[in-house]
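> starting from these lines, generate the structure:
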Amino acid sequence: SEIIRDNPGILDCVKEGIGRVVGMGVPHSKRLLPLMVLTFPTALHGVLHYIISSIIQKLVLFVLKRDNSHNLPTESSTSVQSMLDAYFPELIASFAASLCADVMLYPLETVLHRLHIQGTRTIIDNTDLGYEVLPINTQYEGMRDCVNTIKREEGMLGFYKGFGAVIVQYTLHVAVLQLTKIIYSTLLQ
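Numbering: from 1, shown residues only. As a prediction, this is how the structure comes out:
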């Protein structure tokens with residue numbers, strides 16, 4: 001892009017990344033947050049995602065297995081049907097758990113993404129006009145400042161910008177699950 005005036009080398013991103021982790025070298029931007037400021041929100045997101053998805057997965061799996069225990073196996077059930085009955089509830093439970101965790105933690109993920117890219121050489125497409133790119137020029141001081149700024153300047157819907165991509169992702173996930181079920185069902189016949 002013509003917006004970027006300096007010519008970075010091929011391995012500059014690796015060099016700057018190592019320098020940021022080690023704490024050596026001068027960052028190219030004063031807006032670049034120290035790695036220790038990003039550690040807590042990143043770890044918090046990972047732990048919360050694991051806890052939420054684990055709880056939901058166990059709950060959904062319990063409900064599905066309880067409902068399937070009422071259906072008695074017939075003489076026509078085959079090993080493929082028993083494999084479908086064994087693994088498909090686990091796939092559904094895993095899907096539901098990931099979906100719930102991603103939806104519940106999307107605002108935190110938005111804050112994380114904004115904190116991680118602040119001060120980097122990042123440009124985005126101007127989707128309003130469609131013919132230019134814009135640099136990312138934010139000046140967040142940390143997680144709390146980022147949350148307060150988004151709430152003040154963009155409102156609560158600002159935390160859900162880009163949520164359409166999650167909808168597309170999980171729609172494709174449902175399509176793959178349904179295709180898997182259809183393939184297993186055709187193997188039964």
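> excluding its backbone neighbours, what's nearest Val103?
Closest residue to Val103 apart from its sequence neighbours, by CB to CB, 6 or more residues apart in numbering: Val166 at 7.2 Å. To be clear about C-beta, it is placed using only N, CA and C from the backbone, and glycine gets the same treatment.
> might one say that the one you found is in contact with Ala101?
No. Counting by CB atoms under 8 Å, Val166 stays clear of Ala101, with 11.2 Å between them.
> more crowded one of these two?
Using other CB atoms under 10 Å, the more surrounded residue of Val166 and Ala101 is Ala101, with 21 against 15.
> list the buried ones in stretch 88-107?
Neighbour-count burial for stretch 88-107, with 16 or more other CB atoms under 10 Å as criterion, is recorded at 88-89, 92-102, 105-107.
> revised request: answer the last question for stretch 132-150.
Buried residues in stretch 132-150 (16+ other CB under 10 Å): Tyr140, Met143, Cys146, Val147, Thr149, Ile150.
> quick one: which of those is nearest to Asp125?
Using CB to CB, Ile150 is the member of the buried residues of stretch 132-150 that lies nearest Asp125, at 20.2 Å.
> the closest one and Leu157 touch, don't they?
No. Using CB under 8 Å, Ile150 makes no contact with Leu157, being 9.7 Å away.
> doesn't Leu134 fall inside a strand?
Yes. Counting by DSSP: H, G, I helix; E, B strand; the rest coil, Leu134 falls inside a strand.
> how near is it to Thr39?
Noted for Leu134: a distance of 29 Å to Thr39, by CB to CB, to the nearest Å.
> that older thread, in helices, which of the buried residues of stretch 88-107 fall?
Judged by DSSP state H, helices contain the following of the buried residues of stretch 88-107: 88-89, 92-102, 106-107.
> hang on, the earlier thing: in the helix or strand hosting the residue nearest to Val103, what counts as buried?
Val166 is part of helix 163-188 when elements are defined by DSSP states H and E. Buried residues in helix 163-188, defined by neighbour count with 16+ other CB under 10 Å: Tyr184.
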